[in-house]
Each structure stands twice: as structure tokens, then as C-alpha cells.
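>>> Structure, please.
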Amino acid sequence: MKRNIFVLLLIMFFASCQSTKQFGIDYMVPASVSFPLQLKRVAIVNNVTDVLNNLPLQEKNAPVGANELAKKTASYFDGIAGSVAESLAEHIAAANYFDEVLICDSALRAHDVFPRETILTQEEVMELTEDFGADVILSLEDLRMESVYAVEAIPDQYAYCGTLDVRIFPRVSIYIPSRSAPVATINAADSIFWERYGSTQASVVPVIPAEQMVKEIIDFAGGIPMKYLIPHWETANRYIYTGGSTEMRDAAVYVGNDQWEEAYGLWKQAALSKRKKLQMYAALNIAVYHEMNDKIEEALAWAMKAQQLAREVGKIKDETKINDLSDYYHITFYLSELQIRERNVAVLNIQTKRFKEEF
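Numbering: from 1, shown residues only. Okay, here's the model as predicted:
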């Protein structure tokens, strides 16, 4: 939530400034878990108890908001854990991170009489790795879902909207035969959302056909743990200043034509200006240019220069009283993002050795 507020403020700041340009940048982020290079074959198993067979644990009417005609919440155990384990295996295989990805097609807790949560024993791990010829076991240990269904009237459009929001909580543990306990456990969560519009209340129920909903939930749930297991791409918004001088405006035209080198040359000229505000604009843009070229150290140096200039331009002495829409505030926020990228470089280099040539 805190990050979302930062992003909203950033959007508000640059929306209020006509001399800026927004664009997206893609960069790779390391996984939460680093697998040694010698772990090349991975087996996926379903260790979730199947006793409750997807029966709802709790279903109740929820307080309705303005214009809402109905609202219900429900919580579920798994019931589709086997399919989600297969989906997880498919997602991992598609990433080409391991040499081989195997799936155990039987539930390890299929014969449980009472619901329980239990980790794999070292003996079970040794048996599974031997049977599959695997180096590491990824075990789906738990799978819960919570849903919120609502129907809302839209008076000014004489229409209705049905929504279904399902939050999914898969837990995955990582095992190797030499350890008596999981080397890591991932408690992940994410939401999938559907909406449907219609002219009557009945026309938006159900929001999505049950068969299609289950299919989409399975595929989505299998992908939730991926960012914790495998390096992945993320997209972030970046901003550059486009005004302040002829060079800055011409550079913005070059950026619009994807001619970054030409823009960089003009920004370097602007950075030599005697006007500190123009120097600040140019310094931030040069930082973004270097980040675009994965030169994080250079980007950091220029972002810190932009921050110092913003401090001088804004006459900032007390950082606890900074205007959220100030240049200094948002340059500092960008600097913090670069610092995170810098900390991730070493980990990312180790993790991407598996597919270095592909990236």
C-alpha cells in the first residue's frame, strides 16, 4: 500500500508538470530464492490434504456498499491442488530455468482421513528425489482461496455490474535430500478479478461460467509462486524532464523517436548550464539514460547529483518537511529505486547464469 501511495503521488506530480514525459522500462528482478547451479532437475509434488474436497469453510453475506444489491464472501480449502501443482510445473518448465521439470501425478496426502498440514520427512524427500532422479523437490503444501462476489447497480447508466474477486494463497516449500527440513518456504498470495456488465441483475450472474473460472484460477494460481522462485521481468514507470531549454525540448523529440544517444548528447550539453534547475533536469534524464542501458552505477551517480541540485534549488534544509509534489521528493524516490536495483545486481548475476546467453 505504501508503494502504491508513492506511485500515485508520482503520477500526480508529473501530471501537474507539462514539461515531463512518462514511459515504461522493463528490467529483470531476482527471485527470492537462489538455487545452486548444480540443482538442475526439479520435481513438483502435491502435499496438500484433499479431505475437504473444495468445500467452503465459510460463506456469508457481507455488508453492502452504496448501490450494491448483494455481496458475499467465502473461504475455501484447495480441492484443485493437484491441478495447481501441475500448473506450477508448467510455468516453471516454460521459464527454461532448470534442465528438467518433473511432476508427481499423485497426491501425497490422498489417503488422509482428517485434514492436516505436514512437511515432507527427509525419508520422503530422499525417496522422491531417487524415484524422479531429481536434485530438488518443490512441494505445494497448502492452497486456500477467499472470494468476494458482488452485484452493483449503476443508476446513471441503467446497468448492473457483477464482480468476483478471488484471492489465492499457495504455500510452496523447497526440499533437498541432505536437509531434514525445508530449505525455504514461500507463502505467496495474489488476486484474480472478473467483472460483467448487463442491463438486468440476472444478466450479470454468474460473473463467469464456473468451468472457465476454475480453469483460469488453476493457471493463475500456478503462476503466483514464480516470482519467488525464478528471476522475472518487471515494468516500471520512468519520467524525464522535457522543458527548460531548447536542448531539453529537442532531446524530448529524439526520445519520442527512440533516438536515445542523440538525446543523451543534448542532455550532456544542458548539464553544463549555469542554471541549477536545468542542471537538475539534465542530471535526472542522464540517470534514466544510463539505467536504460543497465549501467546502474552511472545512473546512481547522476541521480545523486540530481538530488543534490534539487535540494539546492528547493532550498531544502529539513527533509521531514518536504512537499510530496516537489522535484526533490520524486528524484529521491527514483534514487531509492536505483539503489534497490544496485543491491539486486550481484544476486541477479548469480541467478541468471543458468540462462545468461538467453538474456
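>>> Name all residues that make contact with Ser34.
By C-beta atoms under 8 Å, 6 or more residues apart in numbering, Ser34 lies in contact with 347, 350-351. Glycine gets a C-beta too; all of them are placed from N, C-alpha and C.
>>> got TSV for those residues, with secondary structure, distance to Ala252 and pLDDT too?
Listed next are the contacts of Ser34 as TSV, based on DSSP: H, G, I helix; E, B strand; the rest coil; distance: C-beta to C-beta, whole Å; pLDDT from 0 to 100:
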residue	secondary structure	distance to Ala252	pLDDT
Val347	helix	35	94
Ile350	helix	38	92
Gln351	helix	36	93
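>>> ok, those vs Cys161, which is closest?
Closest approach between the contacts of Ser34 and Cys161, by C-beta to C-beta: Gln351, at 42.4 Å.
>>> Nearest residue to that closest one in space, ignoring adjacent ones along the chain?
Of all residues not flanking Gln351 in the chain, Pro231 sits nearest, at 4.9 Å (C-beta to C-beta, 6 or more residues apart in numbering).
>>> Enumerate every residue touching the one you found.
The contact partners of Pro231, taken as C-beta under 8 Å, 6+ apart, are 28-31, 97, 348, 351-352.
>>> now those residues in JSON lines, with neighbour count, secondary structure and distance to Gln157?
Output for the contacts of Pro231, formatted as JSON lines (neighbours: other C-beta atoms under 10 Å; DSSP: H, G, I helix; E, B strand; the rest coil; distance: C-beta to C-beta, whole Å):
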{"residue": "Met28", "neighbour count": "15", "secondary structure": "strand", "distance to Gln157": "43"}
{"residue": "Val29", "neighbour count": "17", "secondary structure": "strand", "distance to Gln157": "40"}
{"residue": "Pro30", "neighbour count": "20", "secondary structure": "coil", "distance to Gln157": "46"}
{"residue": "Ala31", "neighbour count": "19", "secondary structure": "coil", "distance to Gln157": "44"}
{"residue": "Tyr97", "neighbour count": "20", "secondary structure": "coil", "distance to Gln157": "47"}
{"residue": "Leu348", "neighbour count": "19", "secondary structure": "helix", "distance to Gln157": "48"}
{"residue": "Gln351", "neighbour count": "22", "secondary structure": "helix", "distance to Gln157": "49"}
{"residue": "Thr352", "neighbour count": "16", "secondary structure": "helix", "distance to Gln157": "49"}
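>>> Quickly note the distance from the residue nearest to Gln351 to Ser32.
Distance of Pro231 to Ser32, computed by C-beta to C-beta, to the nearest Å: 10 Å.
>>> cool, Leu102 as well?
Taking C-beta to C-beta as the measure, Leu102 falls 22 Å from Ser32.
>>> next one: Glu127
Shown here: Glu127 relative to Ser32, a distance of 27 Å by C-beta to C-beta.
>>> buried sites along the helix or strand hosting Gln307?
With secondary structure defined by DSSP states H and E, Gln307 is part of helix 296-313. Buried residues in helix 296-313, defined by neighbour count with 16 or more other C-beta atoms under 10 Å: 296, 299-311, 313.
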